[in-house]
Structures are given as C-alpha cells and as structure tokens.
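Colleague: Here's a sequence, model it:
(chains A and B)
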There are 2 protein chains.
Amino acid sequence: MRKPKIVILGAGYGGMMTALNLQKKLGVNEAEVTLVNKNDYHYESTWLHEVSAGTIHHDRARFKITNTINTNKTKFVQDTVTDIKLEEQRVILENGELEYDYLVVALGYESETFGIKGLKEHAFSIANINSARLIREHIDFVFATYNNEPEKRDELLTMVVGGAGFTGIEFVAELANRVPQLCKEYDIPREKVRVICVEAAPTALPGFDPELVEYAVTQLERKGVEFKIGTAIKECTEEGIIVAKDDQIEEIKAGTVVWAAGVRGSYLIEKAGIENMRARVKVDPQLRAPGLDNVFVVGDCSLVINPEIDRPYPPTAQVAMQQGPTCAHNISVLVRGQGELQEFKPDLKGTVCSLGHDDAIGMVFGKKLFGTSASFMKKVIDNRSLFMQGGAGLVMKKGKFNFF
Amino acid sequence: MRKPKIVILGAGYGGMMTALNLQKKLGVNEAEVTLVNKNDYHYESTWLHEVSAGTIHHDRARFKITNTINTNKTKFVQDTVTDIKLEEQRVILENGELEYDYLVVALGYESETFGIKGLKEHAFSIANINSARLIREHIDFVFATYNNEPEKRDELLTMVVGGAGFTGIEFVAELANRVPQLCKEYDIPREKVRVICVEAAPTALPGFDPELVEYAVTQLERKGVEFKIGTAIKECTEEGIIVAKDDQIEEIKAGTVVWAAGVRGSYLIEKAGIENMRARVKVDPQLRAPGLDNVFVVGDCSLVINPEIDRPYPPTAQVAMQQGPTCAHNISVLVRGQGELQEFKPDLKGTVCSLGHDDAIGMVFGKKLFGTSASFMKKVIDNRSLFMQGGAGLVMKKGKFNFF
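Modeller: Here you go, the predicted structure:
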C-alpha cells in the first residue's frame, strides 16, 4: 500500500508546530512526512527586532531544525520553494521537486511596502535572519563611517523606523537601548544620534489600550526616541525619507531607514493562483484553502476571521503556533479516513509588546501590565515558544533569563 | 621670568616618548609643556592591522593620554592642528592657537597612493583607529550583505590587500585567521571567500631575509591567501582593482580593497613649507628641521639616514620611540642653555613581522626567528611599547599574554 505523502513548506512557527504534532499523531507506517525549509534553521521571528538592533546575537534567535524534529519520522529537505503546482500536486524546489497528497503551506510573511516609492530599494526590512543581521551591520557601518569623513554628516546617525505598530515599537525600543553602546563603540556624542519613529495612523500602537500606549511612548521618548504620529512616509530616497503631515511636506535625511509597517503573505501563494488577499489565504474553519481539500495554510500566509469583530486576527506567532495542532489533527483524520475534522479557534492569552529587555506593556488574560511584570511575561512567552518546539533543553540553551 | 613654551604636536610613539621624557628632564618651573592631539587617546599604530581585521578590539589598541602623562607637568590639549606658522612661532588649531619657543612635530604618517587612480576614492587604508574600525565594519557589512542578494555575488567576499610589505603581510595574516570566523558568523561557505595580496616588487617583504619570506608566504598560502607578486595595481574602481603583470592586464572584482603599500608624512609639513620628501623631513643629527633651530621632527614625519647603506631608516615605531629621549634631552639643553646636544643614533634590536596571533617571522639581535619564538618576541615588543608609555599597569590592562 502506498503511503500518503504530506509535504510541509516552511519551518516557521506554523510549519514547525504542524510537523511536531504530526509526529505525535501519525505512525511512520501511516504517512511520509517531508518538511521543506530554505535554511537548516528555524528562527524566532518575534525576536528579530532584537537581532536587527544588535541587542541579541542572531544565534540566540535560531536553532537547527534537525535538532528538534524526529528525523526518523519527518524527512527534512533544505531547499527553496520556487512554485506550487496545485493541479499536479507537486512542489517545485530550486534543486528538485516533491509530490504531495496533503500540502501545508507555512511560508511566512514578506514585507509589504504598499507601493511607497523607493522603500524596496532604500529601506531595510526586518524579514528574516539575513535581513536582520544586515540591519545590525549596516548601523555599525554608518556609525564607523561617521568619524572618517572630513565634513561630519550628522544625518548618517539618524535612524528612521517606518511604523509604530508592534514591530516598529519593539524595534525602536531596542535601538534606544543600543544607541549608548554604539556611541561608546564609535566615539560619537549621544546627542548626534536621532531615532525617529514615523506612523501614519493617529496613534502609536493602533488597537492597543490608550493607557498602555501612553506609557510606551513616554518611556521611549525619555530614552530619546522622537515620534512623528499621523505622519505618512511619501517616499524613501538614498538620502532618507520624505514625509507628509496634513499638507506639510518634510524631508528627513537619514543613514538608516527600516520599514516595519506592513507584512503580507508569501508571493508563492499568488504565483500558485490560490485565492488570496495580499498573499494571505482566507482559510476555511479547518484551515484549508478555498476549494482545495488537501491544501492547508497556516501561519502568516493564512487569514482567520475573528467572528466577534468580523475582522482577521493579526498575523502573530501565537495564532501560528496554535494552528499547528489543529492542522496536524485534520491531516491525520484525512489520512486515516476516520475521526472528525476540528475547527480552528484561537485561544488568545494576550499580547505583550517589549520596550527593550527591561520594560514592556501588555494585556494578558484581560489584565493590563506595565514595566517589570510585563517584561517578565514577555520572556515567559519567548521561552514558551522555545519549549513548545524544542523542550526544556532548547530553553536552557537559548532562553531569556535576565528577568530583572 | 617668562617660561619657555614647548609645544608637541601629536601623541603617537614619537610625541608620547618626547613628552614623557621631558617630564623627567625639566621641572615645572623651567618650561611650559603642551601636548596637542586630535583625540584624547594614543593608539598603537603597529596594532592597527589587527583592529582592521577585527581580530582585536580597538579599545585594546588605545589608551587615554591623560592616564599616562603627568598633567601637572604637561598640559594636554585635545584639538586638531590645521597649520604651523614658522615665522610667527605659532600653531593654528581648529579651536584656537598656541605660541611656542620650541616645537616638536610628531604628526605621524598618512597613506601614500602614488597617484594610482581611484585608490583614494575606493580603497581603505590602515591609518588610524577610525579607519581601522571602518575596515572591520565594512568587511562585516559585505559579508552580511551576501546572503541578502537574490543573485549571490561571490566577488563581494573577495578582499584585496595592496602591498606585501610589512603592513600588508601582517594584515592579510590577520584576515586569514578572521575568515573562518566571518564565514561562521554570516553562514557563508569558506570556499566562497578570497584573500588576495598584490605586490609590485618581485618578492613579498622586500628587504627581508629570503628564507623568512618563504616561510611567511608558505604559511599564509596554507591558510588560503593568494599572492600576486610582481603585479602592479593600475587602478582601483568601485568594483575592484585592475592589475598588470608584465603586459597582462587583469581585473579583480572585490568587495573590499585595502591599500597597505605606502606611507608619507603629514600634509602639515608641506603646508608649513618645511623642506621635505613626501612630507618627511630629513632632520639634522639633533633631530631638527633644516635651518630651524627650535623645530624638532620625530616619528614618521622625520627621515633619518642610515649611514651604513646611505638610505633612510624605514619609518617604524622603534625609531620613533628612540627619538623621544634624544629630542627631550636636546630641548632641555636648549631651555637651560647648558649641557651638550646629543646626536640621534638608532639602536635597532631587530624586526618581527607577525603572521596572526600564533605565528611570526623576525630578525632579532641578528638571529632569524620563526613561528612560536618569533610570535612570542612580537608580543614582548608590543608589551614593551605599552610599558614604555604607561608602565606595568598599562601592560596588565592592554598587553598581549596569549603567548602560546
């Protein structure tokens, strides 16, 4: 009897949790499971703001995939997906191809620049380990350049972050902590450095509790972050950005521009011709793509509607990790032809936004948290993610224990 | 009675040793001594190849000037010299000016590009802490860039060093040790990286014992360094360099080009109108500039002829450090109007060229040294320089003790 082939694309939170749960649910004789990923490592994408700012090393934020999956049960293929042929049930890789009976698309997010001119060419984005490491090194490089120029250009030391959403705020907070270290490393007076956060919406952290937002903004301003709220980025150039507030146009020269204001799903979703919105697939309650009974979509490529507000849940690690067990359960039901398909219902415990390693804000189990207690909770969440994927050993190796 | 004013320009090896020896020879009531330096720190310029390659941190290679001079006896002014007015006996600084009765010009070296097209614009030079740190960060940045480009450009990872003289060899040796670390840090296969050393002369390390040269070249080739000897750099472009060997022209694309093949004295020597050759002053036996009885020149701005071969001594830290006591003695004789002027006679103990932290070659007291013993001796020399300037305390803080 031919074993059904299950192929999981991507080893982010969604893909990893699906693979790990399939290992528990299906025996080696019931199906052949293959996990495909571009790199041989998984990275904690919710830690990339720290890698980008240089406040943690990128090796802390990643681990080898074959160290946590059971390679007797799940075959790991390191390769890059270039296309998905739905009709032929095949996945095209850079160095080969794979047939599938069941497909899990967990290809994560890409940066969404909303067509703003010059962003793709001149702004960095916090997208993966490579791009985060590049931001870190770029910042070091401009700081190192400063004292080598005959006419000192202070704008080299200006860092603009586009977006005061979750990622934007977490990133500027890390930057604010990093700046004094950078100044010491490169013999630069602190007052020469500017960190500017630009947000088009009328508030930072839209959707967050206003009291928490005020706390965050005040804390960051105290550390020298400048906010430009209600201000849209019109263009990014080699020299910096052009912004508009009401009718006022302003140019801000900057050596570093990081775009942290928009994400979309993978371009492969669009290329495959799956029905989507900004490369995200509005999945059915069982996490399947519309009209495709054997194609599951999890993580940031999936779009799950919150019925209470009739709007999609934001793409978070929390949702992605919870989709894993549901997706694995449903695939095992289909493979065995028995049992009942589950509907995915996220069980959101809350959200914590870090403000550097020693401060945070959050809503957890419906309670507002500030400062130390929120920061503690953030580290619990970060460690929990490691625990879910690699157990206590991984937490011991990469976890965050500087609780106070 | 008006105290004579002694002004020392530059706190490199020559300036520091002059200042420290003047402190011993003259009482506070005999003269007013001012030491002027651009930075508040002295750096060990013979360690800059390590800083540039990133094998030691720049803070190891520098120390605060006011930590080693006696500020009750020597006034320290942090400022940049912009001109020397010989007739008026005045030094113009960026933020002021100083009168002098005796002047010590110890302004160090600058990179000499011999008019080779594009070198100034596109090549780095190992000139000071700022430029060394910039090389280090540039290399990190190109390595970080590599994995972010859709089409990988291996030439980004090619590093060209112009010159296989003392500095060129010491620098490629550090690079050779650094490359495996860089590959690990940025997830790059070792075989993608090239380190190329280009030398126009018919041998590496011209003037060195041929047996030692062969040892050095073999050891470095074993670590993956490619040598192009008898090959001249014709031009440096944004993409790399163009070289010529005999009639063959070749383009080498490279992400990093470091020029380490020529030095000259300070441009301020030329600007002041002191007789010079490539901004170096052929001093009289008492270390004075021709025709200027109160202007001493020490260190890399001075040119001392070796009568045995009728050619100048190469500009080294060893010569600069030995000039300090002679210069200080002569100034104190002039200030007091008694005693006899000394002639400067370098007492060269030998030369050691490091090949990374664990290998070296050298001629010391007329004996050839290889490998561990030479490497040991190099560290003794490096520590001795710290000892001469800051005593045992400075050696303990910044010294090199990884002897084996």
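Colleague: Look at residue A:300 and give its secondary structure.
Modeller: helix (DSSP: H, G, I helix; E, B strand; the rest coil).
Colleague: how about stretch A:213-224 as PDB, C-alpha atoms only?
Modeller: Written as PDB, here are the backbone C-alpha positions of stretch A:213-224 (Å, rounded to 0.1, in the frame of the first residue of the first chain):
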ATOM      1  CA  VAL A 213       0.300  53.300  24.500                       C
ATOM      2  CA  GLU A 214       0.900  56.500  26.500                       C
ATOM      3  CA  TYR A 215       3.200  54.600  28.900                       C
ATOM      4  CA  ALA A 216       5.200  53.100  25.900                       C
ATOM      5  CA  VAL A 217       5.500  56.400  24.100                       C
ATOM      6  CA  THR A 218       6.600  58.300  27.300                       C
ATOM      7  CA  GLN A 219       9.200  55.700  28.200                       C
ATOM      8  CA  LEU A 220      10.600  55.700  24.700                       C
ATOM      9  CA  GLU A 221      10.700  59.500  24.500                       C
ATOM     10  CA  ARG A 222      12.600  59.500  27.700                       C
ATOM     11  CA  LYS A 223      15.200  57.400  26.000                       C
ATOM     12  CA  GLY A 224      15.400  59.900  23.200                       C
END
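Colleague: which residues touch it?
Modeller: A:169, A:172-173, A:176-177, A:179, A:190, A:193, A:195, A:197, A:203-205, A:227, A:353, A:355-356, A:359, A:361, A:370 (CB atoms under 8 Å, 6 or more residues apart in numbering or on different chains). For glycine as for every other residue, the C-beta is placed from the backbone atoms N, C-alpha and C.
Colleague: cool, and stretch A:356-371?
Modeller: By CB under 8 Å, 6+ apart, the list of residues contacting stretch A:356-371 reads A:55, A:173-174, A:176-177, A:208-209, A:211-213, A:215-216, A:219, A:223, A:349-355, A:372, A:374-375, A:377-378, A:402, A:404.
Colleague: switch the cut-off to 6 Å
Modeller: With CB atoms under 6 Å, 6 or more residues apart in numbering or on different chains as the contact definition, stretch A:356-371 has outside contacts at A:173, A:177, A:212, A:215-216, A:219, A:350-354, A:374-375, A:377-378.
Colleague: before we move on, what about stretch A:39-53?
Modeller: With CB under 6 Å, 6+ apart, stretch A:39-53 has contacts from A:11, A:16, A:56, A:58, A:61-65, A:78, A:126, A:129, A:132, A:135-136, A:170-171, A:174-175, A:178, A:317.
Colleague: before we move on, back to that, out of the contacts of stretch A:213-224, list just those in strands.
Modeller: A:195, A:197, A:227, A:353, A:361, A:370 (DSSP state E).
Colleague: ok, for the fifth one, nearest residue in space, not its chain neighbours?
Modeller: In space, residue A:361 comes closest to residue A:212 once its chain neighbours are excluded; the distance is 4.2 Å by CB to CB, 6 or more residues apart in numbering or on different chains.
Colleague: what about the residue nearest to residue A:340 when sequence neighbours are not counted, neighbour count?
Modeller: Of all residues not flanking residue A:340 in the chain, residue A:333 sits nearest, at 6.6 Å (CB to CB, 6+ apart). Here the count is done by other CB atoms under 10 Å in any protein chain shown, and residue A:333 has 16 residues near it.
Colleague: follow-up on the earlier one: closest to chain B out of the ones in strands among the contacts of stretch A:213-224?
Modeller: Closest approach to chain B among the ones in strands among the contacts of stretch A:213-224 (CB to the nearest CB): residue A:195, at 19.5 Å.
Colleague: Please consider this matter closed, and thank you.
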